[in-house]
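# need the 3D shape of this:
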Amino acid sequence: MPLDNLGSDYDVADLLPAIREGLSVDGKLYAAPFYGESSMVMYRTDLFEKAGLEMPDAPSWEFIADAARKITDKQNEVYGICLRGKPGWGENMAFLTATANSFGARWFDENWEPQFDQAAWKNTLEFYIDLMKDAGPPGASSNGFNENLALFQTGKCGMWIDATVAASFVTNPKESKVADDVGFALAPDNGLGKRGNWLWAWSLAVPAGSEKVEAAQKFIAWATSKDYIELVAEKEGWANVPPGTRTSLYENAAYQEAAPFAEMTLESIKAADPKHPTVDPVPYVGVQFVAIPEFQGIGTAVGQQFSAALAGQISPEQALQNAQMLTEREMKRSGYIK
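Numbering: from 1, shown residues only. This is a model prediction of the structure:
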């Protein structure tokens, strides 16, 4: 259902434009964001200082790879970089699709032909696997968001590129051993005009068949309101409010002071462009996913191939061949290509 009854004080215009547009059709809001996110680099300032490195606000992949290898100390279980390896369209493929965008790769060309047989995907996958072999933790092919969060909080990761929402966890002294030594930077690029960051919102919507539309909209209006944000701030502190949804939050001095990651989160969200996610044109919308119904199945199947390559069970070449074949088959079956 369109969310057209959220109340006069809801202030739809206050929702961040990038997030609001992703949840609207023809200017009408169909879901309201509980929190929004992009992805960024979280890194250990103490390890960088020790290695004589300085993180740029907008690093390149080359810098990230070099820094990761320099700060790795496997003897003491400190790994230069932690990245998603667990298979899934919303696990390793969220990270790898966003990364691939910055390498000039894309899922499909303008005619919906899969592109895993192109050099840009080969460069992406080989770069990722080589980096993880040299500077990543053991068993990385089983690590998703939660596993890497635990590694970072216990001091075992020098860098972690993942959801901006993780920033409040890694800087919380009650949960993180390294809370006082965390810095932030934009997701890396390769000089091609696209950064390796995504855009996502965890949102609330009302199914068209609902019998409780009014009650559901009332709940949504409350749970995604400015008042709810203030309630969380009062109970849990400003650093722990749901991020990434409202312009007013990022203009709030109390939030800026409590959340050292606020500015970089906002910049990351602004930097993502779901309508033009890749260097070359594509027929789809979505940064770290392709907004077609078939993508969940295809993305997870491809994620399994890439996870197997990371684990050393198959070569990167074989993983890409398999990805091309299974994606082609599904796209033919679904009628996108002949």
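# ok, residue 68 - contacts?
Shown in contact with residue 68 (CB atoms under 8 Å, 6 or more residues apart in numbering): 80, 81, 131, 134, 135, 158, 159. C-beta coordinates here come from the backbone N, C-alpha and C atoms, glycine included.
# ok, of those residues, which one's closest to residue 30?
Checking the contacts of residue 68 against residue 30 with CB to CB, the nearest one is residue 159 at 36.6 Å.
# give me the neighbour count for the closest one.
Residues near residue 159, counting by other CB atoms under 10 Å, number 25.
# that one is in contact with residue 40, isn't it?
No. Counting by CB atoms under 8 Å, residue 159 sits too far from residue 40 to count as a contact (10.7 Å).
# returning to what we had before: if you rank the contacts of residue 68 by neighbours, which is first?
residue 80 (28 neighbours).
# and that residue, what is it in contact with?
67, 68, 69, 70, 71, 72, 134, 135, 136, 158, 159.
# kindly report the same for residue 271.
For residue 271, the contact set (CB under 8 Å, 6+ apart) comprises 38, 186, 187, 195, 197.
# who does the second one bridge with?
Read that as residue 186. Here residue 186 sits in beta bridges with residue 40, as judged by DSSP bridges.
# and it, how far is that from residue 323?
Applying CB to CB, to the nearest Å, the value for residue 186 to residue 323 is 28 Å.
# what do you get for the third one?
In this structure, residue 187 and residue 323 are 23 Å apart, going by CB to CB.
# who has more neighbours, those two?
Remark: of residue 187 and residue 323, residue 187 carries more neighbours, 28 against 25, as counted by other CB under 10 Å.
# how about the more buried one, nearest residue that isn't a chain neighbour?
residue 197 (3.5 Å; CB to CB, 6 or more residues apart in numbering).
# so who does the one you found touch?
With CB under 8 Å, 6+ apart, residue 197 has these contacts: 38, 39, 40, 98, 186, 187, 268, 271, 272, 287.
# hang on, the first one packs against residue 273?
The reference is to residue 38. No. Under the criterion of CB under 8 Å, residue 38 is not in contact with residue 273, lying 11.0 Å apart.
# which residues are common contacts for those two?
Going by CB under 8 Å, 6+ apart, no residue sits against residue 38 while also sitting against residue 273.
# residue 279 is in contact with residue 192, isn't it?
Yes. Under the criterion of CB under 8 Å, residue 279 makes contact with residue 192 at 5.0 Å.
# comparing the two, which residue is more hemmed in?
Shown here are residue 279 and residue 192; by other CB under 10 Å, residue 279 has more neighbours (17 against 14).
# ok, the closest residue in space to the more buried one that isn't next to it in sequence to residue 291 distance?
In this structure, residue 279 finds its nearest non-sequential neighbour in residue 104, 4.5 Å apart by CB to CB, 6+ apart. Computed as CB to CB, the residue 104 to residue 291 distance reads 21 Å.
# of those two, which one has the most company?
Remark: of residue 104 and residue 291, residue 104 carries more neighbours, 19 against 11, as counted by other CB under 10 Å.
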